[in-house]
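Peer 1: Below: sequence and its predicted model.
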Amino acid sequence: MATRSVRGERERRRERKRRSTSRDGKRRHRSLSKERRSWNKSYISRSRERRSRSRERRSRSRDRRSRSRDRRSRSRDRRSRSRDRRKRSSEDSSSDKEGSPKPPVQSLQDETKEEAAVEKRQPLSLDELIAKRTAEQSAESKPVFLSREERAALALKRRAEQVEARAKARLELGKNKFSSAALSEQDHQRMNEEEREKWYRQREMGKDRDREMDAIKSRYLGGEKKRRKLRRLADRKFVFDWDAGDDTSVDFNPLYRSKHQALFFGRGHIAGIDIKAQKKEQSKFYSNLMGERMTDDQKKQALVRDESVKEKERKTKFDERHWSEKSLPQMAYRDWRIFREDYNIATKGGRIPYPLRSWAEAGISSDILEVIHSLHYKEPTPIQRQAIPIGLQNRDIIGIAETGSGKTAAFVIPLLTWITSLPKIVRESEADQGPYAIILAPTRELAQQIEEETLKFAAPLGLRTVAVVGGISREDQGFQLRLGCEIVIATPGRLIDVLENRYLVLAQCTYVVLDEADRMIDMGFEPDVQKILDYLPVTNQKPDTEEAEDPEKMKANMESSKHKYRQTVMFTATMPPSVERLARSYLRRPAIVYIGSAGKPTERVEQRVILLAEGEKRKKLLEILEEPEPPIIVFVNQKKGADVLAKSLEKIGYRAAVLHGGRNQEQREFALSSLKEGEKDILVATDVAGRGIDIQDVSMVINYDMAKNIQDYTHRIGRTGRAGKTGIAVTFLTKDDSAVFYDLKQAILESPISVCPPELASHPEAQVKPGKVTAVKKSQETIFLH
């Protein structure tokens, strides 16, 4: 029983399972059938829509065909009407010309006969018609035998009919020809005008269609604008052609290359007669005769005239020698132009003297030349070559040159030349009238550096210089000024303080130098500079006329000790509008000297850029500091950042010094002197050291923080690669420096020895200059329709 009950239970389970599976299968089948039905319905609806669209397309095509048939029928009707009009007009014209045909004259008897015949004619009856038809059928069914004559007559008849038909066709053709020729003149004009208008309409429609297609393509495909090719006047187009008078057999026949010269009388000297020799003897005879008749004064004038002609020929004659192989009198205008190109010198202004080729040609005193040679100045720099001759003519100068180009000696040498020309007793007796020259610099460090360079030249000549800068006791500086000095080097703020407190007067100051003028304006010293210039006497100002450009008058004025005009010299790395405004106010007809590319990094500095995050800077700095030799300058933007970075470098083992505006004067001087003397290897500085500081043999400049503008960046990296040497500038960039990405990219691309990294070259912020609105292509425009 137990086994039976278990077996029954199993069967019941199997039965329930089978039923459940069958129900599930039915459900799935029903769901699938529903899906199929819905899909079929959608398919049927889509097919119906497709069929309806196709029916609509067919109906539209039928309508188009019917409209085209109507148009064709209307055109046929117009053509037929026009043909009828032309035919009628031709018939009228022919009838007018030939006259109407005359009807034949019949006799009265013929007319009566015809009337009688017409009266006798009567219609046949039905029987007669049937009989006639049967007779014709029987006659047709029977064979008819024709004789030879009858056949010939039938052939002749058919031939006559053919000839007559051809004549009629020829006559109709002639009528059609004559009808077109007989059209009236008005019809011809009307037809010509219609055809002409139709041709014009088709041509204008074609032009409009072409212009429309070109406009669509240029808007959506961005068509390129065709640039007009400029052809210079000096360009000559080579013509591959020969003239009728040219001898084309020269290249093929050797006889034509060396033609035989006919030795006629007088040409080959056959009879011993040389016409050229005879003319030469005759000219010599006449010249001797004229010389005997001339007086001594006339002979001198002739010699002077011959010399001037020879000099003119010498200047215009082309000399292939290099300018270095010629003496100074042999230099032509072309040689001076090549000389300026070799040293990348450009000038602007009237009557500018030629540059110096060497110190021996400078025209300065022997004492100053000995000092120059003692300082091992072998050759003048480009700015010195052009600025010194201008300064020796007592002219105002605006010098635009890169940093480290020798600008200090360019304005110190003309200054010392004029001061040493004054008698020593005059200088000592007028010491209480103040210095002869003031030199203004934007920072204390730059002023002290200029003082060091000036002392190298002035001390051997017995001249005194005083530096008036902040951070030092004003009383000590006032005491040195009262002792007397010829040259004062100062910063604008401290010089105004000294002038207001009566420590210094500028009664005999006739030489003013503004070094790094653009930096002074940027630092807000423009009012101070104007105030200092107002302290100068107005009695020695130059006239703003052509006399300020005359070298002879200016040189003569410079040699007169007491009445020398004031000479203002301005040196700058860039030329912003504020500096131009200052130059227009205080300079008289200045000579502008451009050396190299003003405001751009030097070509001797290799610029490297690294894009990284702010937290990765210190690690990357330590990796870079392992490579170069000291001294190294690291620039940061904040004073606190400079102190923190210097302390961290000292903890690692580097010898670092700090220089920024928060340090006093003694600390600044100690930092610079320790770096110059080799006691320190690294200088961590802000932009205070970015202008004018000359530290020899700086191997690398690292911009730990990128400068806020490209001008400060240029002056930072200008601390290396000075005096003809090479250097490396490494810059760390973060996403916060995106405002200078474009200018930095352009500066690197302009350098011949630098490579722009792909991260900076492809950065979106480096593609367009900040503040510039980018023009979107017409193909990328989004047009909203209302």
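Peer 2: Cool, got the structure. Residues are numbered from 1 along each chain as shown.
Peer 1: So for stretch 377-389, what gets flagged as buried?
Peer 2: Buried residues in stretch 377-389, counted by 16 or more other C-beta atoms under 10 Å: 377, 380, 381, 382, 383, 384, 385, 386, 387, 388, 389. For the C-beta atoms, the positions are set from N, CA and C on the backbone; glycine is no exception.
Peer 1: Report the separation between residue 699 and residue 376.
Peer 2: 22 Å (C-beta to C-beta, to the nearest Å).
Peer 1: backbone phi and psi for residue 591, please?
Peer 2: Main-chain dihedrals, residue 591, degrees, to the nearest 10: phi -90, psi 120.
Peer 1: tell me the pLDDT at it?
Peer 2: Note for residue 591: predicted pLDDT of 91.
Peer 1: Nearest spatial neighbour of it, chain-adjacent residues omitted?
Peer 2: Distances taken as C-beta to C-beta, 6 or more residues apart in numbering place residue 349 nearest to residue 591, at 4.0 Å, with adjacent residues excluded.
Peer 1: Where does the record place the domain boundaries for this structure?
Peer 2: 333-595, 605-766 (automatic domain parsing).
Peer 1: need the next SSE after the helix or strand residue 512 falls within, C-terminal direction.
Peer 2: Per DSSP states H and E: residue 512 is located in strand 511-515. Following strand 511-515 in sequence order, the next helix or strand is helix 517-522 (DSSP H and E).
Peer 1: Report the distance from that next one to the chain centre.
Peer 2: Relative to its chain's centre, helix 517-522 lies at 31 Å (C-alpha atoms, centre = their mean, to the nearest Å).
Peer 1: Kindly report the same for stretch 686-706.
Peer 2: Distance, centroid of stretch 686-706 to centroid of chain: 34 Å (C-alpha atoms, centre = their mean).
Peer 1: And the average pLDDT for it is what?
Peer 2: Stretch 686-706 shows a mean pLDDT of 80.
Peer 1: on that earlier part again, neighbour count: residue 699 and residue 376, which is higher?
Peer 2: residue 699 (17 against 6; other C-beta atoms under 10 Å).
Peer 1: Does the residue of the chain positioned farthest from its centre belong to a helix, a strand or coil?
Peer 2: Farthest-out residue of the chain from its mean C-alpha position, per C-alpha atoms, centre = their mean: residue 127, at 114.4 Å. For residue 127, the secondary-structure state derived from DSSP: H, G, I helix; E, B strand; the rest coil is helix.
Peer 1: Could you check how far it is from residue 133?
Peer 2: 11 Å.
Peer 1: of all the buried residues of stretch 377-389, which comes closest to residue 576?
Peer 2: residue 383 (19.7 Å; C-beta to C-beta).
Peer 1: Mind telling me what element the closest one is part of?
Peer 2: Per DSSP H and E: helix 382-391 holds residue 383.
Peer 1: Direction included, what does the very next helix or strand once past that helix pair up with?
Peer 2: Next helix or strand after helix 382-391 toward the C-terminus (DSSP H and E): strand 397-400. Strand 397-400 pairs in its sheet with strand 567-572 (parallel), strand 591-595 (parallel), by DSSP bridges.
Peer 1: Can you name the residues in contact with the shortest one?
Peer 2: Read that as strand 591-595. Residues outside strand 591-595 that contact it (C-beta atoms under 8 Å, 6 or more residues apart in numbering) are 343-349, 352, 382-383, 386-387, 390, 395-402, 405.
Peer 1: Weed out the non-buried ones from these.
Peer 2: 345, 349, 352, 382-383, 386-387, 390, 395-402, 405.
Peer 1: CA atoms of stretch 679-687 as PDB?
Peer 2: Backbone C-alpha positions of stretch 679-687 (Å, rounded to 0.1, in the frame of the first residue of the first chain) are rendered in PDB as follows:
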ATOM      1  CA  GLU A 679      79.200  81.900  -1.600                       C
ATOM      2  CA  LYS A 680      75.600  81.100  -2.700                       C
ATOM      3  CA  ASP A 681      74.500  78.900  -5.600                       C
ATOM      4  CA  ILE A 682      70.800  79.700  -5.900                       C
ATOM      5  CA  LEU A 683      69.000  83.100  -5.700                       C
ATOM      6  CA  VAL A 684      65.300  82.900  -5.000                       C
ATOM      7  CA  ALA A 685      63.800  86.200  -6.000                       C
ATOM      8  CA  THR A 686      60.700  88.100  -7.000                       C
ATOM      9  CA  ASP A 687      60.400  90.500 -10.000                       C
END
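Peer 1: in that stretch, what counts as buried?
Peer 2: So stretch 679-687, judged by 16+ other C-beta under 10 Å, has buried residues 680, 681, 682, 683, 684, 685, 686, 687.
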